[in-house]
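Asks: Turn this into a structure:
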Amino acid sequence: MAKTKILFVNDEMQMGGVARVLNTLLKNLDPDKYEMDLLVLHPHGVLMDDIPDYVHLIDSSKFFYPVDQSLSDLFGMVQIPMLLRKLRLLFYMKSGLIKHKITSARKKLLNKKYDVELAVKEGFCTIFVAYGDTPRKLNWVLTDYSACNFSKNHMRLLNEALAHIDLNIADSRGALDAYAKVFNINAGVVAHNLMDFSKVEMGLKQSLPTLKLPDCPKIIAVARFHPQKALDRLLKASLYATQRGLVHHVFLVGDGAEEANLRSFVKANNMTYVTFMGVMVNPYPLVKACDLYVLSSKFEGFATIVNESLICTTPVLATNVSGINEQLNDPDYGWIVENNQQALNVGLTMALSNMDRLKKMKQSLSGYTYPNSKNLEYFMEIFDGKIC
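Replies: Prediction:
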């Protein structure tokens, strides 16, 4: 029986939710059933090395390299060649010539016909997929467009592209509803992300990094230091709790553009109980050692780290972002608070004031399971055309 040929199109493979979710899906799909090709329009990022060996990586064109770069960032970094490419790309998008450019580029980059094509990240990848000749075109929505519309400067172009998409796949009901409202689409389904259980389980078998854990309640967050993740809200909530006599320690894992601002806040408020851990390839032993994971984000789609934390038996305090009600759907999993600073302040204070409850939640999470097999089966039905 002939394999189903699938082309996945993503913009980059930096450490973040989309690339991680993509690689997890690729690792779970059967290479004896599916012939998988991946085109990374700007082939960079540490997760390039995590792409399964049986996935064929297609060389991109430098024309597409600035697709994941913002003009402001390029001006700030004084990267003249990339800046000129970005301006050229924007001209093609604003003029509408991008459709013809994509058609021409696809002929050079792709040397086979596909049965299915998936735009891994909504936006430019959607446009690239829309103007191809693959008979079944899919669009993956992995964020909440009601909170942040990444395509607001190219709405006409996106609306025209979406008319050629056969099915939109969202990672949460909230993300799908928001996307449908912003772009006035009807064709959509919800498919929860797969979890890389083996990676978490193997990570938990390793020992903690050389670190003396404080003898007090421990809080952790693992995220890009980006405004979306709003780690400043976690620090402010931590300060609020400290001022009310609740001793605790905060571990921040990751890095990013906001790191300097976060460190300045910690220094200005003498928050000696905050530790910046940097990027950790394996944060899971530390997550397990902590009493509470805090998701302080302004918006999400389906935050994979939430379920990973539950696998590590660590309950979660989260702001009410898209998808979170589908993840924290049991009282023993954690708490959801309104998406604002005051609610997070009160929520963190409440959690730290009830350590007996936190300990019982950690114990109950030893039996936590996630329906990976069911979710994988649903993705396969989508790729096989059984769900339209």
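
Asks: Does the helix or strand of the chain with the lowest mean pLDDT pack against any helices or strands, and if so which?
Replies: One helix or strand of the chain scores below all others by mean pLDDT, DSSP states H and E: helix 71-77, with a mean of 75. On a contact count with 3 or more C-beta pairs under 8 Å, 6 or more residues apart in numbering; DSSP states H and E, helix 71-77 meets helix 80-95. All C-beta atoms are positioned from the backbone trio N, CA, C, and that covers glycine.

Asks: Return the set of buried residues in the least confident helix or strand of the chain.
Replies: Buried residues in helix 71-77, counting neighbours by 16 or more other C-beta atoms under 10 Å, are found at residue 74.

Asks: And the contacts of that helix?
Replies: Helix 71-77 has contacts (C-beta atoms under 8 Å, 6 or more residues apart in numbering) with 66, 82-83, 86-87, 90.

Asks: at 10 Å what do you get?
Replies: Residues outside helix 71-77 that contact it (C-beta atoms under 10 Å, 6 or more residues apart in numbering): 66, 69-70, 79-87, 90, 257.

Asks: Could you tell me which of those count as buried?
Replies: Applying 16+ other C-beta under 10 Å to these, the neighbour count classes 66, 69, 82-83, 85-86 as buried.

Asks: Lowest pLDDT pick from those?
Replies: Among the buried ones among the contacts of helix 71-77, residue 69 carries the lowest pLDDT, at 86.

Asks: Give the closest residue to residue 120 in space, chain neighbours not counted.
Replies: Spatially, and ignoring its direct neighbours in sequence, residue 120 is nearest to residue 10 (3.9 Å; C-beta to C-beta, 6 or more residues apart in numbering).

Asks: Any chance of the backbone angles for that neighbour?
Replies: phi -130, psi 160 (degrees, to the nearest 10).

Asks: I figured it hits residue 44, correct?
Replies: No. Contact criterion C-beta atoms under 10 Å: residue 10 and residue 44 do not qualify, at 11.4 Å.

Asks: Could you tell me which residues touch both of the two?
Replies: Going by C-beta under 10 Å, 6+ apart, residues that sit against residue 10 and also against residue 44 are residue 68.

Asks: So between the two, which is more surrounded?
Replies: residue 10 (25 against 12; other C-beta atoms under 10 Å).

Asks: Which residues are in contact with the more buried one?
Replies: Counting by C-beta under 10 Å, 6+ apart, residue 10 touches 18-19, 22-23, 38-43, 45, 47, 67-68, 118-121, 125, 140.

Asks: Next step: the residues you listed restricted to helices.
Replies: Within the contacts of residue 10, residues falling in helices by DSSP state H are 18-19, 22-23, 125.

Asks: can you redo the residues you listed as a markdown table with pLDDT and neighbour count?
Replies: Converted to a markdown table, the ones in helices among the contacts of residue 10 look like this (pLDDT from 0 to 100; neighbours: other C-beta atoms under 10 Å):
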| residue | pLDDT | neighbour count |
| --- | --- | --- |
| 18 | 90 | 23 |
| 19 | 92 | 23 |
| 22 | 97 | 25 |
| 23 | 96 | 23 |
| 125 | 98 | 25 |
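
Asks: Show me the two of these that sit farthest apart.
Replies: 23 and 125 (15.7 Å; C-beta to C-beta).

Asks: ok, the buried ones among the contacts of helix 71-77 vs residue 181, which is closest?
Replies: Checking these against residue 181 with C-beta to C-beta, the nearest one is residue 69 at 28.4 Å.

Asks: mind showing which ranges of this protein have poor pLDDT?
Replies: Along the chain, segments meeting pLDDT under 70 span 77-78.

Asks: domains for it, by residue range?
Replies: Taking automatic domain parsing as the reference, the chain has its domains at 4-194+372-383, 197-367.

Asks: Alpha carbons only: can I get stretch 163-177 in PDB?
Replies: Extracted as PDB, the C-alpha positions of stretch 163-177 are listed here (Å, rounded to 0.1, in the frame of the first residue of the first chain):
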ATOM      1  CA  ALA A 163     -10.400  30.400   1.000                       C
ATOM      2  CA  HIS A 164      -8.100  27.700  -0.400                       C
ATOM      3  CA  ILE A 165      -7.700  25.900   2.900                       C
ATOM      4  CA  ASP A 166      -9.700  22.700   3.300                       C
ATOM      5  CA  LEU A 167      -9.600  22.400   7.100                       C
ATOM      6  CA  ASN A 168      -8.300  24.500  10.100                       C
ATOM      7  CA  ILE A 169      -7.000  22.500  13.000                       C
ATOM      8  CA  ALA A 170      -6.900  24.300  16.400                       C
ATOM      9  CA  ASP A 171      -5.200  23.100  19.600                       C
ATOM     10  CA  SER A 172      -8.100  24.300  21.800                       C
ATOM     11  CA  ARG A 173     -11.800  25.200  21.500                       C
ATOM     12  CA  GLY A 174     -11.000  28.800  22.500                       C
ATOM     13  CA  ALA A 175      -8.300  29.100  19.800                       C
ATOM     14  CA  LEU A 176     -10.700  27.800  17.100                       C
ATOM     15  CA  ASP A 177     -13.500  30.000  18.200                       C
END
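
Asks: buried stuff in that stretch?
Replies: Neighbour-count burial for stretch 163-177 flags 165, 167-177 (criterion: 16+ other C-beta under 10 Å).

Asks: cool, and stretch 218-237?
Replies: 218-226, 228-237.

Asks: Just the ones of those in strands?
Replies: Using DSSP state E, the subset of the buried residues of stretch 218-237 located in strands is 218-222.

Asks: With secondary structure and distance to residue 157 as new columns, can the buried residues of stretch 163-177 be given to me in JSON lines?
Replies: As requested, the buried residues of stretch 163-177 are arranged in JSON lines below (DSSP: H, G, I helix; E, B strand; the rest coil; distance: C-beta to C-beta, whole Å):
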{"residue": "165", "secondary structure": "coil", "distance to residue 157": "13"}
{"residue": "167", "secondary structure": "strand", "distance to residue 157": "20"}
{"residue": "168", "secondary structure": "strand", "distance to residue 157": "16"}
{"residue": "169", "secondary structure": "strand", "distance to residue 157": "21"}
{"residue": "170", "secondary structure": "strand", "distance to residue 157": "21"}
{"residue": "171", "secondary structure": "coil", "distance to residue 157": "23"}
{"residue": "172", "secondary structure": "coil", "distance to residue 157": "25"}
{"residue": "173", "secondary structure": "helix", "distance to residue 157": "27"}
{"residue": "174", "secondary structure": "helix", "distance to residue 157": "25"}
{"residue": "175", "secondary structure": "helix", "distance to residue 157": "21"}
{"residue": "176", "secondary structure": "helix", "distance to residue 157": "21"}
{"residue": "177", "secondary structure": "helix", "distance to residue 157": "23"}
